[in-house]
Structure formats: C-alpha cells, structure tokens
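> take a look and give me a structure for this.
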Amino acid sequence: MSVPTPAATDLPPGTPGTPTGLGVDVGGTGIKVGLVDLARGELIGDRVVRGTPQPATPDAIAQTIREMTEEFEWTGPVGVALPSVIHEGVARIAHNIDKSWIGCDVAELFDRHLPGRTVLMLNDADAAGLTEVHYGAGEGIDGLVILLTFGTGIGSALLLDGRLLPNSEFGHVIVEDIAGRGFDEAEHLASAAVRSRDGLSFAEWAPHVSNVLRSIEDLLWPRAFVLGGGVSEVADEWFPLLENRTPVRAAVRRGDAGIIGAALYAAGHSGVLDLGGALPDDED
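Numbering: from 1, shown residues only. The predicted structure follows:
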C-alpha cells in the first residue's frame, strides 16, 4: 500500500502552521534553493538560483549552498539533491560536477560548511522520484513506480509502495541497440542528448526509448513509468509512439522536483513529517 502523503489544504502555500522545508538542487550548471510547502509540494515564493561554481568541487559547492540558504534565514533541516550516488555517507560518482566528489564524506563536508545544521543528502533523481510519488504523476500508485529522467543522461529512481530504494542507475543498464550497432549503456542510446546529437525526430527516437523501457520492465515489471526531463513537456508528441507494455506518465513537477524532493527527504528524516516508512536510512 502507498505511504501517506502530507495532506494538502485549500489555504495559500506557506500559510502559518503548514509544514515547511528547504531544498537544494545541485546541477552541473546551476544550484537552486527554495522553501517548500510540504502539504502541497509547492514552492513558497521565488527560488534562488546561482551558477554552479567552476570547478565544481565539494568545498566550492558547499560554500555556495551555505551562502544561498542564509538568504532564507532558515534554521530547520536542509535537504540537498546531488548528481551523485550517496552510499554510506560517501559520494561514489560525479555526474556534471568535479571528480573530486568521488570518495567525499558528504556529512563531514556539510558539518564544516553548515555547522550546527541538520543536512540530509540524496541523489537528484531520487529526489525527483519522491516528489512525483508524493505530489505528482506517481501519486496513489501501489507497487513499483520507476522514474526516468531524460536529459544529458538517463537518471532513475525506484519507489516501491512509496518507499524509496535509493541509488539506482538504470541509465547504465546495458541494452542491445535496435540500430544493430551492438550493446551499449541505455543513456548512450536513448537519452535526450542522443536525440539532439543525432537530429532524431520523435518518431525516430521513440523506438530507442521503448527498447530501454522494455529492458527494464522485463526485469522488474513495474506498475508505472514516470518520465521526466525537458522532453516530458511535449509528452503528447512522443508518448503515443512508445511500444512498451507498462503505463507511462509524464512527470509534472519538472524543474522544481529536485528542490521539493530534497526538502521532503530532510523533513522526513528529521521528524518534521511522518512519511510512514517512505524513506531509507540516511546512511544508505
């Protein structure tokens, strides 16, 4: 059975008494920070955006996050969505950020830059998945929901009955190319970047996406796929062309999903919200 989602109200976002969180979404080109109404899963006011420091080292990004969060005069827990696998408190990969993140103890990093603050980190696709299951296209679906984000690569999140199974990397699943060029990683064959690079129409690109979806569903038999990334904004142009068997839904929170999911993750782990077992242990 799906886990409970904070009950939305008919009051405006940010009404006093509604649960509130702060989320940070770190990307290769920009860092976004915003206050989140956790009853609705909506931003309160405007988000703050800065360019990602170059080089995007752990200390440079953590210092930028400190400066940005101080603009909100926020004293509660902070959730940070990172383009990395966070496993046992350590960053294991580095997508679109400096390679010095690999092996970084992220808890120690933020203890130094945000002393005395509760900071919870998770993968950016996992943050988007939490958002879509609690407030978006995956809400109310029992069983396994798989979020895939199509951009430079393919990010993924697994949620079983609303519980996050962290750090999946389906963009790196090896599949056979339908064009007969052998085997390769899914994101090398079907990402939005590949479509742009090769000048593919949606009709030409959709079979490659279908091939990736079928490869995943043959292993896991999900109840639904939620597909995000910029191409989800024109879902009507290519979703009808997909030929996999599992129902496909377009992500609805899009550019704010990382901020919202990070804030929800931090609020759940710190006890601000009871999410009924939706979250893994933070050391995962």
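
> after the longest strand belonging to the chain comes which helix or strand?
Of all the segments of type strand in the chain, defined by DSSP state E, the longest one is strand 42-51. Once strand 42-51 ends, the next helix or strand along the chain (criterion: DSSP states H and E) is helix 58-70.

> residues making contact with the helix or strand that that next one is followed by?
Of the helices and strands lying after helix 58-70 in sequence (DSSP H and E), the nearest is strand 78-82. Outside of strand 78-82, the residues within contact range by Cβ atoms under 8 Å, 6 or more residues apart in numbering are 21-26, 65, 69, 91, 97, 101, 106, 110, 114, 117-124, 126-128, 258-259, 261-267. All C-beta spots, glycine's among them, are computed from the backbone N, C-alpha and C.

> redo that, cut-off 7 Å
Residues from elsewhere that reach strand 78-82, judged by Cβ atoms under 7 Å, 6 or more residues apart in numbering: 21-26, 65, 69, 91, 114, 117, 119-124, 127, 258, 261-263, 265-266.

> swap in stretch 205-214?
Contacts with stretch 205-214, where a contact means Cβ under 7 Å, 6+ apart, come from 175, 178, 186, 189-190, 195, 225, 238, 241-244, 246.

> top of those residues by neighbour count?
Using other Cβ atoms under 10 Å as the contact criterion, the top neighbour count among the contacts of stretch 205-214 goes to residue 190, which has 29 neighbours.

> so how far is the helix ranked longest in the chain from its chain's centroid?
Secondary structure of the chain per DSSP state H: the longest helix is helix 202-220. Helix 202-220 sits 20 Å away from the centroid of its parent chain (Cα atoms, centre = their mean, to the nearest Å).

> could you dump it to PDB, C-alpha only?
Extracted C-alpha coordinates of helix 202-220, given in PDB (Å, rounded to 0.1, in the frame of the first residue of the first chain):
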ATOM      1  CA  PHE A 202      10.400  11.800 -32.100                       C
ATOM      2  CA  ALA A 203       9.300   9.000 -34.400                       C
ATOM      3  CA  GLU A 204      12.900   8.000 -34.900                       C
ATOM      4  CA  TRP A 205      13.800   8.400 -31.200                       C
ATOM      5  CA  ALA A 206      10.800   6.700 -29.500                       C
ATOM      6  CA  PRO A 207      11.800   3.200 -30.600                       C
ATOM      7  CA  HIS A 208      15.100   3.600 -28.700                       C
ATOM      8  CA  VAL A 209      13.200   4.700 -25.600                       C
ATOM      9  CA  SER A 210      10.800   1.800 -25.900                       C
ATOM     10  CA  ASN A 211      13.700  -0.600 -26.100                       C
ATOM     11  CA  VAL A 212      15.200   0.700 -22.900                       C
ATOM     12  CA  LEU A 213      11.800   0.600 -21.100                       C
ATOM     13  CA  ARG A 214      11.200  -3.000 -22.300                       C
ATOM     14  CA  SER A 215      14.700  -4.000 -21.000                       C
ATOM     15  CA  ILE A 216      13.800  -2.600 -17.600                       C
ATOM     16  CA  GLU A 217      10.300  -3.900 -17.300                       C
ATOM     17  CA  ASP A 218      11.400  -7.400 -18.300                       C
ATOM     18  CA  LEU A 219      13.500  -7.400 -15.100                       C
ATOM     19  CA  LEU A 220      11.200  -5.600 -12.700                       C
END
